[in-house]
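*Asks:* Attaching a predicted model along with its sequence, questions to come.
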Amino acid sequence: MPDPAVIFGGPSPEHDVSILTGLQAVQALGRAGHTVNALYWSKTGDWFSVEPGAEAGAFLDGVPSGSTPVRLVASTGGGFVASGRMGRERAIEISAAVNCCHGGPGEDGSLSAVLDLAGIRYTGPSVAGAALGMDKLAFGAVVTAAGLPSLPRAALTPTAPVDFGGPYIVKPRYGGSSIGIDTVADLDTARARLSANVHLRAGAVVEPYRGESYDLNIAVRTWPDLQLSAIEKPLRSGAGSDILGYADKYVGGEGMVSAPRELPAQIEAKTAERIREMAAHIVELAGVRGVARIDFLADGDDIYVNEINTIPGSLAKYLWIEPAVPFDRLLLDMLDEAERRPTTAWTVQGADGSALRSAGSIASKLA
């Protein structure tokens with residue numbers, strides 16, 4: 001029977017964090033008795049098979065020594081292949097892959113699409129779910145259209161109007177939850193960030209900055225049935241911090257696992273229940289699959305949906321304390337879902353040749 005794979009890395013600002021998540025997943029599955037294909041996607045977009053026991057330090061200078069180059073072939077009968085004897089390529093048989101790629105093409109649907117074309121089953125969001133989760137403007141619009149509370153959000157361009165006042169939070173439209181985010185006092189300063197901040201060049205959004213607000217996060221998993229985790233309150237590094245930053249979340253040795261937090265969050269029961277209700281609603285709205293983290297903002301008695309992370313740091317394993325779900329169980333359920341509930345169900349029904357038979361010549365259509 002083919003072995004599972006864990007995919008991590010990728011040409012993304014969150015490359016390093018993805019390595020941490022991927023190595024945790026590889027070792028957890030290994031301790032559970034599974035042989036794992038550890039597939040590393042480098043910063044340059046190349047693929048390598050690495051030793052399952054590799055540690056984070058092995059990636060400091062790039063590809064770990066002893067790694068084997070592989071290719072990802074996006075076609076029927078494709079998949080990951082490695083060079084064998086006499087230059088012949090051999091297929092790497094994979095039962096399903098755990099996608100641990102944060103941000104960039106690993107989380108925005110690009111990798112999902114290639115895996116679909118290659119016929120590899122995988123954990124996490126479908127192409128559509130990944131694209132929606134990565135697009136902060138689109139996700140905010142879906143949430144608002146569904147009647148869920150969300151702070152106003154607008155595309156930030158050099159000229160487009162913004163119909164709410166500052167101060168503002170400026171965010172990459174297609175980025176993760178912490179890299180490239182800034183707080184500014186006015187719209188002119190926000191627009192100046194467009195050329196100064198490389199993370200905003202693919203698109204940016206602005207939201208009102210609420211200085212007294214704080215984050216509340218919850219994880220969801222969709223297999224074998226819908227479950228909601230405990231609610232956390234992430235803690236900022238200091239009283240002077242305007243927002244929860246990259247260092248707060250990830251610079252602690254184990255990615256999100258070692259980030260400071262209040263878990264479970266000390267909040268009123270009615271607030272917790274409201275968050276759980278909204279999280280379950282978002283699972284349906286966003287087509288959540290696998291494990292995701294949904295982030296909220298609390299401002300006094302008001303709770304707002306902020307964003308969704310469809311491939312969260314450390315796969316949000318640290319949030320599963322109530323109910324308690326061991327990491328290997330979390331991973332095995334994700335792999336089971338990947339095999340039993342594939343992301344694609346293409347059909348050619350309707351392509352019966354009638355349009356071709358009645359088409360006439362192509363030249364006549366160009367006239």
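*Replies:* Noted; the coordinates are in hand.
*Asks:* Please, where are all the helices along the stretch 101-250 of the chain?
*Replies:* If you assign secondary structure with DSSP state H, counting those that start in this stretch, the helices in the stretch 101-250 of the chain sit at 104-107, 110-118, 127-134, 136-145, 187-196, 246-250.
*Asks:* Ok, which of those comes nearest L20?
*Replies:* With C-beta to C-beta as the criterion, L20 lies closest to helix 246-250 of these, at 7.8 Å. C-beta coordinates here come from the backbone N, C-alpha and C atoms, glycine included.
*Asks:* need the next SSE after the closest one, C-terminal direction.
*Replies:* strand 261-262 (DSSP states H and E).
*Asks:* partner strands of that following strand, parallel or antiparallel?
*Replies:* strand 227-234 (antiparallel) (DSSP bridges).
*Asks:* May I ask which helix or strand of this protein has the lowest mean pLDDT?
*Replies:* Evaluated with mean pLDDT, DSSP states H and E, the helix-and-strand set of the chain has its lowest mean pLDDT in helix 246-250, which scores a mean of 52.
*Asks:* How far off centre is stretch 111-121?
*Replies:* Centroid separation for stretch 111-121 versus its chain: 16 Å, with C-alpha atoms, centre = their mean, to the nearest Å.
*Asks:* what do you get for stretch 308-324?
*Replies:* Its chain's C-alpha centre and that of stretch 308-324 lie 12 Å apart, by C-alpha atoms, centre = their mean.
*Asks:* Now that stretch - C-alpha only, PDB.
*Replies:* Taking only C-alpha atoms (Å, rounded to 0.1, in the frame of the first residue of the first chain), the coordinates of stretch 308-324 have been written out as PDB:
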ATOM      1  CA  ILE A 308      -9.700  32.200   7.800                       C
ATOM      2  CA  ASN A 309      -6.400  30.300   7.600                       C
ATOM      3  CA  THR A 310      -7.100  27.200   5.500                       C
ATOM      4  CA  ILE A 311      -3.600  25.800   6.300                       C
ATOM      5  CA  PRO A 312      -2.800  27.200   9.800                       C
ATOM      6  CA  GLY A 313       0.500  27.200  11.500                       C
ATOM      7  CA  SER A 314       1.300  23.900  13.100                       C
ATOM      8  CA  LEU A 315      -2.000  22.800  11.600                       C
ATOM      9  CA  ALA A 316      -3.600  24.400  14.800                       C
ATOM     10  CA  LYS A 317      -2.700  21.200  16.700                       C
ATOM     11  CA  TYR A 318      -2.200  23.100  19.900                       C
ATOM     12  CA  LEU A 319      -5.900  24.200  20.000                       C
ATOM     13  CA  TRP A 320      -7.300  20.700  20.300                       C
ATOM     14  CA  ILE A 321      -7.500  20.500  24.100                       C
ATOM     15  CA  GLU A 322     -11.300  20.500  24.500                       C
ATOM     16  CA  PRO A 323     -11.900  18.000  22.900                       C
ATOM     17  CA  ALA A 324      -8.400  16.500  23.200                       C
END
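*Asks:* Where does the prediction get shaky in the protein?
*Replies:* Within the chain, the stretches with pLDDT under 70 are 86, 177, 237-258.
*Asks:* what about 80?
*Replies:* Scanning the chain with the threshold set as pLDDT under 80 gives 1, 83-87, 176-178, 236-259, 367.
*Asks:* still on that earlier bit, tell me which of the helices of the stretch 101-250 of the chain approaches L366 most closely.
*Replies:* Of all those, helix 110-118 comes closest under C-beta to C-beta, at 30.9 Å.
*Asks:* tell me which strands and helices the closest one is in contact with?
*Replies:* Helices and strands in packing contact with helix 110-118 are listed as strand 68-73, strand 94-99, helix 127-134; criterion 3 or more C-beta pairs under 8 Å, 6 or more residues apart in numbering; DSSP states H and E.
*Asks:* quick one, which of those is nearest to G45?
*Replies:* Of all the helices and strands packed on helix 110-118, the one in closest proximity to G45, counting by C-beta to C-beta, is strand 68-73 (10.0 Å).
*Asks:* Of all the residues in the closest one, which ones are buried?
*Replies:* For strand 68-73, the neighbour count (16 or more other C-beta atoms under 10 Å) marks 70, 72-73 as buried.
*Asks:* I'd like to know which of those is nearest to R340.
*Replies:* The shortest approach to R340 among the buried residues of strand 68-73 belongs to L72, at 23.4 Å (C-beta to C-beta).
*Asks:* Mind listing the residues bridging to that closest one?
*Replies:* Taking DSSP bridges, one obtains F80 as the residues bridged to L72.
*Asks:* which ones are touching it?
*Replies:* When contacts are counted by C-beta atoms under 8 Å, 6 or more residues apart in numbering, L72 is found next to 47, 78-80, 114, 118.
*Asks:* Centre-most residue in this protein?
*Replies:* Centre of the chain computed as the mean C-alpha position; nearest residue by C-alpha atoms, centre = their mean is I311, 3.1 Å away.
*Asks:* Might one say that that residue is in contact with G104?
*Replies:* No - the pair I311 / G104 is not scored as a contact, 10.7 Å apart, by C-beta atoms under 8 Å.
*Asks:* for G300, what are its contacts?
*Replies:* For G300, the contacting residues are E212, by C-beta under 8 Å, 6+ apart.
*Asks:* Also S112?
*Replies:* If you count contacts by C-beta under 8 Å, 6+ apart, then S112 has 99, 122, 124-127, 130, 343 around it.
*Asks:* before we move on, what about G109?
*Replies:* The contact partners of G109, by C-beta under 8 Å, 6+ apart, come to 125-131, 134.
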